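test case, fold it:
(2 chains)
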Amino acid sequence: MAYISLRAVHKTYPNGYCALKNFNLDIEAGQFIAVLGPSGAGKSTLLRAMNALDPATQGEISIDGVALNKKNYRKIRAHVGMVFQQFNLVNRLNVMTNVLVGRLAEHSWLSSLFYLFPKTDYQIAEAALREVDLLDKAWSRADKLSGGQQQRVGIARALAQQPKLILADEPIASLDPKASEEVLKLLRKICSEKGITVIINLHQVEYAKQYADRIIALNAGTLVFDGSPEQLTQARQAEIYGTVAEEIYHEPELVLAHA
Amino acid sequence: MSTNILPPKPLNLFPVWLSVALALLWLIIWDLGVDFKDLLYGIEDMAEYFSRYGTPNFSNISSYLYLMAQTLVTAFWGTTFAFIIAAVVSPYAARPLAPNAFAYRFARELLNFMRAMPDLLLALIFVSSLGLGPLPGVLALSIHTAGFLGKFFAENMERVPAGKYEALSAVGAGFTQKIVFAAWPSMLRESVGNVLYIFDRNVRMAAVLGLVGAGGIGLELHDALRLFKYNQASALIIIILLTIIVIDNLSSWLRKVLN
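The predicted structure follows:
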């Protein structure tokens, strides 16, 4: 059985918008998977259904053989890292504490009330910070860091969860090209060296082709492409993004508007 | 569509509304029969009345200072208990944190109820049931201002970007952990301002609560006024004023330091 499997997944938001339609997908462990598709295609919904931040309204999602249900959300999330477009660090806390947040699922609410973490957690957080090369910033306030650094803290927080899976929801959409490359390289390295499955939403086809083992593409809540980077030809790209694809990706302002 | 012709300037109705408002104001004055001549003569009488306060009598200064200290302590404990109640109730009254719709409704209504109970009325009730002294004052202030602080805190929590809570949910953190690691650090600055404002307000209110027997300097002021001891009343008012000015400056200084 595949590491992650989605069977007949539907997601309808309370306002009636249907973001995923009869979605089926299998993902093998240890792969780097890029998810492409125009804005509003359901990329974020797909990722957020996998850790039940936006639970699917129908169908079954299972991770490592365990089916998601209301009772095991917290247990499953404990070992599924998530990286966000807006980093979502707690600005006023230092980098170390932001990384230690990744350990919270292991602790009772009472010890959390006093911001207490065992020594082993500090060691895990330290290792995570070494992995993202930010040890020197450990005691800086999170909001004093640059965007690229903040995103690396976000990745360290995910690593502190000792995850088998990292979901990255447009992690580079708020970053400049240099920081974007750094973040992608880092995620790629984590995937290759630690065997952590990475599923990443992207807007840049070129990056997807460069870094991913497998590319899937969504349009209007359905799967429209699933294959290796080599199989994603110009013609297939035009299909994914519709006829406006060329236009959008050659107008910098439009790209920003869609970011 | 762009054109070559400047579209007609939009009509500005402000002068119309201003004249309507002024006409209404004049109608109200005319209807109430307010006579500005009487008002002018009244100033003379008021000046005579206030001249009786011209020679403050500080012979009982030590007892006044003791009473002022009692008033301050009443305000301090009132604020402290209000803070504790608000800290516990507010997460349930904040939409992104409330565990379910029922808890949210209940917490909101509880805070509304506490806010709606005037502290003077509460003090009267507690004085009747617990007897004279500062304790009824403390209880009255705690309950009334917990309603305010709880609402302020809940609103601060709702202003924290949703992503911060999502990041905590995504690592498998629970209710308390979301409060401690996402809400508190993000709302710290506004909340300190809120608490200082409530303390400020409670000092002023505690001085008045003395009037209904809830301890402090208010009772002394009440007695002095009823016995036409204008010189003592004057001294008491000066002490209250000075204290409030000092507290006001202290709190704005503290806010500046904390930012």
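
for the rest of this, base every contact and every neighbour count on C-alpha atoms.
Fine.

show me where chain B has helices.
B:14-32, B:36-51, B:61-89, B:101-116, B:119-130, B:134-159, B:162-170, B:175-178, B:184-209, B:217-226, B:230-258 (DSSP state H).

the first one: how far from the chain's middle?
Yep, that's helix B:14-32 we're talking about. Its chain's average C-alpha position is 32 Å from that of helix B:14-32, according to Cα atoms, centre = their mean, to the nearest Å.

quick one, what contacts the residue of the stretch 151-259 of chain B found nearest chain A?
Residue nearest to chain A within the stretch 151-259 of chain B: B:Gly172 (4.4 Å; Cα to the nearest Cα). Taking Cα atoms under 8 Å, 6 or more residues apart in numbering or on different chains, we find B:Gly172 in contact with A:73-78, A:104-105.

and A:Leu113, by the same measure?
The neighbourhood of A:Leu113, defined by Cα under 8 Å, 6+ apart, consists of B:176-177, B:180.

cutoff 7 Å now
B:Val180 (Cα atoms under 7 Å, 6 or more residues apart in numbering or on different chains).

picking that back up, got a markdown table for the contacts of B:Gly172, with pLDDT and secondary structure too?
Shown next, in a markdown table, are these (pLDDT from 0 to 100; DSSP: H, G, I helix; E, B strand; the rest coil):
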| residue | pLDDT | secondary structure |
| --- | --- | --- |
| A:Tyr73 | 93 | helix |
| A:Arg74 | 93 | helix |
| A:Lys75 | 93 | helix |
| A:Ile76 | 95 | helix |
| A:Arg77 | 96 | helix |
| A:Ala78 | 95 | coil |
| A:Leu104 | 96 | helix |
| A:Ala105 | 95 | helix |
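
look up how far B:Glu166 lies from the residue of the stretch 151-259 of chain B closest to chain A.
In this view, B:Gly172 and B:Glu166 are 10 Å apart by Cα to Cα, to the nearest Å.

and A:Glu28, how many neighbours does it have?
For A:Glu28, the tally of surrounding residues (other Cα atoms under 10 Å in any protein chain shown) stands at 14.

show me what from chain A comes close to chain B.
A:53, A:74-75, A:77-78, A:81-82, A:88-90, A:92-93, A:102, A:104-105, A:109, A:112-113 (Cα under 7 Å from any Cα of the partner chain).

let's see 6 Å
A:74, A:77-78, A:88, A:92, A:102, A:104-105, A:109 (Cα under 6 Å from any Cα of the partner chain).

measure the residue nearest the centre of chain B to B:Ala123 for me?
What sits nearest the mean C-alpha location of chain B, by Cα atoms, centre = their mean, is B:Arg201, with 4.4 Å. Distance, B:Arg201 to B:Ala123, using Cα to Cα: 16 Å.

how about B:Gly218?
From B:Gly218 to B:Ala123 the distance is 13 Å (Cα to Cα).

swap in A:Asp213?
For A:Asp213, the distance to B:Ala123 - Cα to Cα - is 71 Å.

repeat for B:Leu219
Following Cα to Cα, the distance that separates B:Leu219 from B:Ala123 is 13 Å.

more crowded one of the two?
The neighbour comparison of B:Leu219 against B:Ala123 (other Cα under 10 Å) goes to B:Ala123, with 27 against 19.

got the end-to-end distance for stretch A:213-231?
From its first residue to its last, stretch A:213-231 covers 11 Å (Cα to Cα).

buried stuff in that stretch?
By neighbour count with 16 or more other Cα atoms under 10 Å in any protein chain shown, stretch A:213-231 contains the buried residues A:213-225, A:229.

check stretch A:175-183 too.
The neighbour-count check on stretch A:175-183 (16+ other Cα under 10 Å) flags A:175, A:179-180, A:182-183 as buried.

now the buried members of the contacts of B:Gly172.
Buried among the contacts of B:Gly172 (16+ other Cα under 10 Å): A:73-74, A:76-78, A:104-105.

contacts only, for the residue nearest the centre of chain A.
Nearest to the mean C-alpha position of chain A, counting by Cα atoms, centre = their mean, stands A:Ala168 at 1.4 Å. A:Ala168 makes contact with A:82-83, A:200, according to Cα atoms under 6 Å, 6 or more residues apart in numbering or on different chains.

now these in TSV, with neighbour count and secondary structure?
Output for the contacts of A:Ala168, formatted as TSV (neighbours: other Cα atoms under 10 Å in any protein chain shown; DSSP: H, G, I helix; E, B strand; the rest coil):
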residue	neighbour count	secondary structure
A:Met82	33	strand
A:Val83	25	strand
A:Ile200	27	strand
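
and which of those residues is nearest chain B?
Closest to chain B, out of all of the contacts of A:Ala168 and judged by Cα to the nearest Cα, is A:Met82, at 6.4 Å.

I'd like the distance between the residue in the stretch 151-259 of chain A that chain B sits nearest to and A:Arg152.
Taking Cα to the nearest Cα, chain B has its nearest neighbour within the stretch 151-259 of chain A at A:Gln161, 7.1 Å off. With distances taken as Cα to Cα, A:Gln161 is found 14 Å from A:Arg152.

who's more crowded, those two?
Neighbours were counted for A:Gln161 and for A:Arg152 using other Cα under 10 Å; A:Gln161 has more, 30 against 26.

quick check: that one touching A:Val101?
No. Using Cα atoms under 6 Å, A:Gln161 is not in contact with A:Val101, being 8.6 Å away.

check the gap between B:Asp35 and B:Ala21 for me.
Distance of B:Asp35 to B:Ala21, given as Cα to Cα: 20 Å.

what of B:Glu220?
As judged by Cα to Cα, B:Glu220 and B:Ala21 stand 45 Å apart.

ok, back up a step: the buried residues of stretch A:213-231: which two are farthest apart?
A:Asp213 and A:Ala220 (23.6 Å; Cα to Cα).

wait, A:Leu20 touches A:Leu223, no?
No. Counting by Cα under 6 Å, A:Leu223 is not a contact partner of A:Leu20; they are 9.2 Å apart.

so where's chain A shaky on pLDDT?
A:243-259 (pLDDT under 70).

which parts of it are strands?
For chain A, the strands defined by DSSP state E occupy A:4-12, A:18-27, A:32-36, A:58-63, A:66-67, A:80-83, A:165-168, A:197-201, A:214-219, A:222-227.

got JSON lines for those, with distance to B:Ala154 too?
Putting these into JSON lines (distance: least, Cα to Cα, whole Å) gives the following:
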{"stretch": "strand A:4-12", "distance to B:Ala154": "29"}
{"stretch": "strand A:18-27", "distance to B:Ala154": "31"}
{"stretch": "strand A:32-36", "distance to B:Ala154": "37"}
{"stretch": "strand A:58-63", "distance to B:Ala154": "33"}
{"stretch": "strand A:66-67", "distance to B:Ala154": "35"}
{"stretch": "strand A:80-83", "distance to B:Ala154": "27"}
{"stretch": "strand A:165-168", "distance to B:Ala154": "30"}
{"stretch": "strand A:197-201", "distance to B:Ala154": "34"}
{"stretch": "strand A:214-219", "distance to B:Ala154": "39"}
{"stretch": "strand A:222-227", "distance to B:Ala154": "39"}
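
lovely, talk soon.
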